[in-house]
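**Q** coordinates only, no sequence provided:
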């Protein structure tokens, strides 16, 4: 009986060592809750621009009509306020970020224009 008990103990100790080694290996490559070292979530290094979508920052009191008129030649297909001073502009004819920004900044109502980006883990 002593031999069987000793073998069982060796198996339990071996299994515990294997589990411990595995846990230490995971802890070495990951931070808290599986996050990479530094605790920051992994994000794509290059955000993807959403074609035809721009965030337009405006001065207080600027209404939707002014933004629609400003970008009419680019075929406004959607416009919604996302903050008091920011609109999400969707256009059908996208001439590119530089042209959309230039057009926006030509108006005293617009303070900034930037492409809408999507960040994916």
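**A** Yes, it's here. These numbers were taken from a predicted model, which means no experiment stands behind them.

**Q** can you give me the strands for the protein?
**A** For the chain, the strands defined by DSSP state E occupy 48-58, 76-83, 86-91, 110-118.

**Q** run the angle between the third one and strand 48-58 for me.
**A** An angle of 130 degrees separates the directions of strand 86-91 and strand 48-58 when computed by axes from the mean of the first three to the mean of the last three CA atoms, to 10 degrees.

**Q** ok, and what's touching strand 86-91?
**A** The contact list for strand 86-91, computed with CB atoms under 8 Å, 6 or more residues apart in numbering, reads 52-58, 64, 67, 71, 74-82, 100, 116. Where C-beta positions appear, they are placed from N, C-alpha and C, glycine not excepted.

**Q** mark which of these are buried, thanks.
**A** When neighbours are counted using 16 or more other CB atoms under 10 Å, the contacts of strand 86-91 contain these buried positions: 52-56, 58, 67, 71, 74, 76, 79, 100, 116.

**Q** which members of those are the farthest-apart pair?
**A** Spatial extent of these (CB to CB) is set by the pair 52 and 58 at 19.1 Å.

**Q** show me the shaky parts of the chain.
**A** 1-45 (pLDDT under 70).
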